[in-house]
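Asks: Everything below, folded, please.
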Amino acid sequence: MADGLAALTRLPGGLFALALAEGARKQLRREWTGSPMHRWRIARPRPHGLAARPRDPRPPNLEIGRQILAGRFEFGGVALETGTRGDPWDRPSPSRKFAQVLHGLDWMSDLLACGSVGATEGLRLTLDWSRVFGRWNSFSWSPEILERRVFNLACAAHVICATASDVERDQVAQDLARQARCLLGDLEPPTHAAERALAVALAGAALAGEAGEQLIDRGLVRLEQALPHTVQADGGHASRCPAAALELLFDLQTLDEALVQRGVAGPDEMMRAMDRLAGAVRFFTLADGGLPGLQGGEARSRAYVAAARASEGETGRPPAGRNGFQRLESRSLQVVADAAAPAEGPWSLTACAQPLALEILAKGKRMIGACAWSPDALGPQALRLADAASTLSLADGTCGEPVRGLLAAALGPRLAGAYAAVEHRRQETDGGVWLELSHEGWAKAFRLRHERRLFLDLAADELRGEDRLTPIGDTAAAEGQRRFFPYAVRFQIHPDVRASLARDGKSVLLRAEGDETGWWLRNDAQEVAIETSVHFEDGQPRRCHQVVLRGHARADAGARLRWKLAAAEAWPPPH
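Replies: So this is what the prediction gives:
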């Protein structure tokens, strides 16, 4: 059904037809899920207590747990003060994002890290939630929130029930079973089918009796069907988001351990997916221990990423490319280039229209990257466009943008009109690495192709780049045209890096904290400016700067801009 609906987008007005079909499907699903018959069906059979003790390998944040014990819930940049042993469920949430985190129980592991007092509070909050929201409603039982709540409650059930009465323990188990069965009916969208099936199977592993066995069987069958569509052959997530691959690996590791406790062998497709995802996470892990902040993902902390790799043995050098990204490395520099088109259709909900974007680390520290927009970021959807990354933008055009309004309400903020292909060619020699990239995202509006050439000089330990706009299409029509289009090549500077313009008005000195010398960004742009920008960490914005190299491209001749990043001691400041 999903493939048939997706085919509508290839027809005129197809996106609107797809939105209508999807809206109708969701409405029918809501009406059925809220019906008495559905409530009766998800209540049986009743579980016979708890079984496995799933353990989420994600490192908890003890400080968040302590704040919750003190009656302060702070998520998504806003806070709710309830007082000690207060009730967060009987009052309005300060934002929708806050409510999603609150109802998803994403904070539960942080609370349980506080020991027995945290477990007691976790039980109280869980029972209070059941009292207020135990019956279905369209928000707290929506599949997006239900997916995480089932996962988190399955991991917490044994701990919070350690001091619970028999009645309380039975209620927690029954609530978990009901919610997992409800989630089984929301596996149609391919973008979260694997994560939701996984949560169902995990709930089954945590529950004893026939109820748990049924959920394990049904969850694993659906998981086997969904994983080949979610995890690509090279281990990358179908969304092309590095952080999404990491999160799915965490979830699978949790399920794998729970199945071992139950004496159930994980399906072969699940084990293959774990191996592939582990390889992808290893590829994406950069010198500072974080991930590239590209295609809808943040870097994450070193400790967070390392938790997913704790079981890895000694490994060799990662491959040069994976999931549409290319890595280049010298003694001091590490470069990641986005060398593929963004995800399409329903997989594009977090995709970014930022062709040929770069992430650059120098001496193990973030130097140049992107705004690192993610679904958790408190920033506008516009940060998914080319202006928010280290790449070229042309005039006021876009290479695709998120849908808005009614379309977004029905389909989510997927990308529409995005560039469909990126070409890349890589050559390696003893002296360096060449990477040639190109895309035609600007062709329809401007009849210009963007070509980016990178050369990492291994001997000189420097990166040379060239961004070129080349006329394509009807060259005869372009002949003689004198129209000029303004373009800008941006380098988004990490918040921990200072950018200073040299006296020549061209060169920019980039200096990270603790680096006494820094790196020179040399260029032959017509105009160079350092402007204010934003960078996201843990969903929170941090003020930073961007280096903007501006020029004009002629319709019939294009344009070329060259730049170089070299250590300051290797290139003295200009006079």
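Asks: so who does residue 378 touch?
Replies: Contacts were defined as Cβ atoms under 8 Å, 6 or more residues apart in numbering; by that measure residue 378 touches 76, 77, 97, 536, 539, 540, 541. C-beta here means a position set from N, CA and C on the backbone, and glycine is covered the same way.
Asks: Now list the buried members of those residues.
Replies: In those, burial by neighbour count holds for 76, 77, 97, 536, 539, 541, counting by 16 or more other Cβ atoms under 10 Å.
Asks: pretty sure the third one is in contact with residue 75, am I right?
Replies: The reference is to residue 97. Yes. Counting by Cβ atoms under 8 Å, residue 97 does reach residue 75; the two are 7.1 Å apart.
Asks: Could I get the contacting residues of residue 515?
Replies: 362, 363, 365.
Asks: Any figure for the gap between it and residue 256?
Replies: Shown here: residue 515 relative to residue 256, a distance of 42 Å by Cβ to Cβ, to the nearest Å.
Asks: Also residue 410?
Replies: With the distance defined as Cβ to Cβ, residue 410 ends up 36 Å from residue 256.
Asks: Which one's more surrounded, these two?
Replies: residue 410 (20 against 15; other Cβ atoms under 10 Å).
Asks: Name the SS class of that one, please.
Replies: Per DSSP: H, G, I helix; E, B strand; the rest coil, the secondary structure class of residue 410 is helix.
Asks: show me the contacts for it.
Replies: The neighbours of residue 410, taking Cβ under 8 Å, 6+ apart as the test, are 19, 20, 22, 23, 26.
Asks: Need the per-residue pLDDT for it.
Replies: Taken from the predicted model, the pLDDT recorded for residue 410 is 88.
Asks: same thing with residue 538?
Replies: On the pLDDT scale, residue 538 is placed at 87.
Asks: With only the CA atoms kept, save stretch 442-457 in CSV.
Replies: Coordinates of each C-alpha in stretch 442-457 appear next as CSV, following Å, rounded to 0.1, in the frame of the first residue of the first chain:
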residue,chain,number,x,y,z
TRP,A,442,20.3,24.4,-9.4
ALA,A,443,19.7,23.3,-13.0
LYS,A,444,16.0,23.8,-13.3
ALA,A,445,16.0,27.4,-12.0
PHE,A,446,19.4,28.6,-13.2
ARG,A,447,20.8,26.0,-15.7
LEU,A,448,24.0,25.7,-13.7
ARG,A,449,25.7,22.7,-12.2
HIS,A,450,27.5,22.9,-8.9
GLU,A,451,30.9,21.1,-9.0
ARG,A,452,33.0,20.8,-5.8
ARG,A,453,36.6,19.5,-6.1
LEU,A,454,38.5,18.6,-2.9
PHE,A,455,42.2,17.7,-2.7
LEU,A,456,43.6,16.6,0.7
ASP,A,457,47.4,17.0,0.4
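Asks: ok, and for that stretch, which residues are buried?
Replies: Neighbour-count burial for stretch 442-457, with 16+ other Cβ under 10 Å as criterion, is recorded at 442-443, 446-457.
Asks: Narrow those residues to those in strands?
Replies: With strands identified by DSSP state E, the entries of the buried residues of stretch 442-457 that belong to them are 448, 449, 450, 451, 452, 453, 454, 455, 456, 457.
Asks: And the helices in the stretch 1-150 of the chain, which stretches?
Replies: 2-7, 14-33, 36-42, 62-69, 96-104, 108-112, 116-133, 143-160 (DSSP state H, counting those that start in this stretch).
Asks: Residue 85 is nearest to which of the ones you listed?
Replies: Nearest of the helices of the stretch 1-150 of the chain to residue 85, taken as Cβ to Cβ: helix 116-133 at 7.1 Å.
Asks: Can you spell out which helices and strands pack onto that closest one?
Replies: In terms of contacts (3 or more Cβ pairs under 8 Å, 6 or more residues apart in numbering; DSSP states H and E), helix 116-133 is packed against helix 62-69, helix 108-112, helix 143-160, helix 166-184.
Asks: List the buried residues of the longest one.
Replies: Put plainly, it is helix 166-184. With burial defined by 16+ other Cβ under 10 Å, the residues of helix 166-184 counted as buried are 168-184.
Asks: any chance you could map the strands in the stretch 301-450 of the chain?
Replies: Here the stretch 301-450 of the chain has its strands, by DSSP state E, counting those that start in this stretch, at 321-322, 325-329, 333-338, 358-362, 365-369, 392-394, 401-402, 415-416, 422-428, 432-439, 448-457.
Asks: can you tell me how far the residue most central in space within the chain sits from residue 524?
Replies: Most central in the chain under Cα atoms, centre = their mean is residue 297, positioned 3.2 Å from the mean C-alpha point. Taking Cβ to Cβ as the measure, residue 297 falls 33 Å from residue 524.
Asks: ok, now residue 310?
Replies: For residue 310, the distance to residue 524 (Cβ to Cβ) stands at 47 Å.
Asks: So for those two, which sits in the more crowded spot?
Replies: When residue 310 and residue 524 are compared for neighbours, residue 524 comes out ahead with 14 against 8, by other Cβ under 10 Å.
Asks: next one: phi and psi at the more buried one?
Replies: Torsion angles at residue 524 (phi, psi; degrees, to the nearest 10) stand at phi -120, psi 30.
Asks: Same question for the one 3 residues further on.
Replies: Backbone dihedrals for residue 527, given as degrees, to the nearest 10, come out at phi -150, psi 140.
Asks: So residue 438 sits against residue 452, correct?
Replies: Yes. Contact between residue 438 and residue 452 holds when scored by Cβ under 8 Å: they sit 7.3 Å apart.
Asks: Can you work out which residues contact both of those two?
Replies: Common neighbours of residue 438 and residue 452 (criterion: Cβ under 8 Å, 6+ apart): residue 356.
Asks: that older thread, now distance to residue 55 too, for the strands of the stretch 301-450 of the chain, in TSV please.
Replies: Output for these, formatted as TSV (distance: least, Cβ to Cβ, whole Å):
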stretch	distance to residue 55
strand 321-322	28
strand 325-329	31
strand 333-338	32
strand 358-362	32
strand 365-369	31
strand 392-394	45
strand 401-402	36
strand 415-416	36
strand 422-428	40
strand 432-439	41
strand 448-457	41
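Asks: To residue 61, which of the ones you listed lies closest?
Replies: Using Cβ to Cβ as the measure, strand 365-369 is the one of those that comes nearest residue 61, at 21.6 Å.
Asks: what's the angle between the closest one and strand 358-362?
Replies: 150 degrees (axes from the mean of the first three to the mean of the last three Cα atoms, to 10 degrees).
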